[in-house]
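A.B. asks: Just the structure for this:
(3 chains)
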Amino acid sequence: MPEGPSIVLLKEALQSFVDKKIVNADGSSKKIEYGRLPGAKIREIKTWGKHLLICLPDVTIRIHLLMFGSYSIDTPKQNRIAKLSLFFARGRSVHFYACSVKLITEPLSRVYDWTADIMSKKWDSGKAVKKMNARSSELVCDILLDQDIFAGSGNIIKNETLFRSKIHPKSVVGKIPPLRKKLLVRELIGYSKMFLKWRRANTLKRHWLAYSKKICPRDHHPLAKEYMGKSRRRTFFCETCQKLYG
DNA sequence: CTAAATGTTAAGCC
DNA sequence: GGGCTTAACATTTA
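C.D. replies: Alright, predicted model coming up:
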């Protein structure tokens, strides 16, 4: 479920609840005051990176599905305790499981920079390149997972983007030539759009070129698989056709 | 059956 | 305090 494009699909799935009044709310999260939700009408549903934002008149519910989170609409899952359940008129309901739930009371504009959200209309590639340049000594495999620069990018997007732009994951950001860096950002946004399209058609896996693959589709060399970077995340790459800068 | 995985946060340690 | 490592969370899939 979790990367940015999947959260956009979640937002779409919840559109029928916009303008609907929450009649009851409960769940197993100890951290939120369920009492302040009933009576509020959902004004809007937004996303920022991997965050789902359910906007109410004076508070926003922030859901992060983490690695294994899931949701269900109208029918709660059997034998499972939801972290958050929202109930509406006519027996309608939404349930979120195995996720992080928070209430945000500050204005969203103070919490979120929409120009850093890879799925946003306000996405700004120029700013992303500037932020990358400010972190020139880091590895590109780490930078592509950084939510302050590429909010919504996850391990699949990282792997596919590096393969498509022919950049070795251990390349040092500052050693990547400017044009190639721009190409990298363009590929990341382009692949994220395709991710959304393919996930919607339920064909995401079919289109993986490197992620979880064993053979390079370009030159048929075996792909390397290594746990690398600050977060030791699974990384698939072709030693032959992905160039190492640095 | 066991292990690993699309992710983040908090605690603990130097 | 900073920076790093580890654990915790919880569920599905290989």
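
A.B. asks: Run through who's touching stretch A:170-179.
C.D. replies: A:129, A:132-133, A:135-141, A:143, A:167, A:181, A:184, A:228, A:243-246 (Cβ atoms under 8 Å, 6 or more residues apart in numbering). C-betas here are computed from N, CA, C, even on glycine.

A.B. asks: How about A:V185, nearest residue that isn't a chain neighbour?
C.D. replies: Nearest non-adjacent residue to A:V185, counting by Cβ to Cβ, 6 or more residues apart in numbering: A:S125, 4.9 Å away.

A.B. asks: Pull the contacting residues for the closest residue to DNA strand B within chain A.
C.D. replies: When scored by Cβ to the nearest atom of the strand, chain A has A:G154 as its residue closest to DNA strand B, at 2.0 Å. Contact analysis of A:G154 by Cβ under 8 Å, 6+ apart lists A:P2, A:E3, A:G4, A:K50, A:L145.

A.B. asks: Mind pulling the model confidence for the second one?
C.D. replies: This points to A:E3. Among the per-residue scores, A:E3 shows a pLDDT of 92.

A.B. asks: Excluding covalently adjacent residues, which one is nearest to it?
C.D. replies: That would be A:G154: by Cβ to Cβ, 6+ apart, it lies 3.7 Å from A:E3.

A.B. asks: Repeat that for the third one.
C.D. replies: Nearest in space to A:G4, with sequence neighbours left out and distances taken as Cβ to Cβ, 6+ apart, is A:G152 at 2.3 Å.

A.B. asks: got a list of what that neighbour touches?
C.D. replies: The contact partners of A:G152, by Cβ under 8 Å, 6+ apart, come to A:E3, A:G4, A:P5, A:I7, A:T47, A:W48, A:G49, A:K50, A:D117, A:I118, A:M119, A:S192.

A.B. asks: Nothing else from me, thank you.
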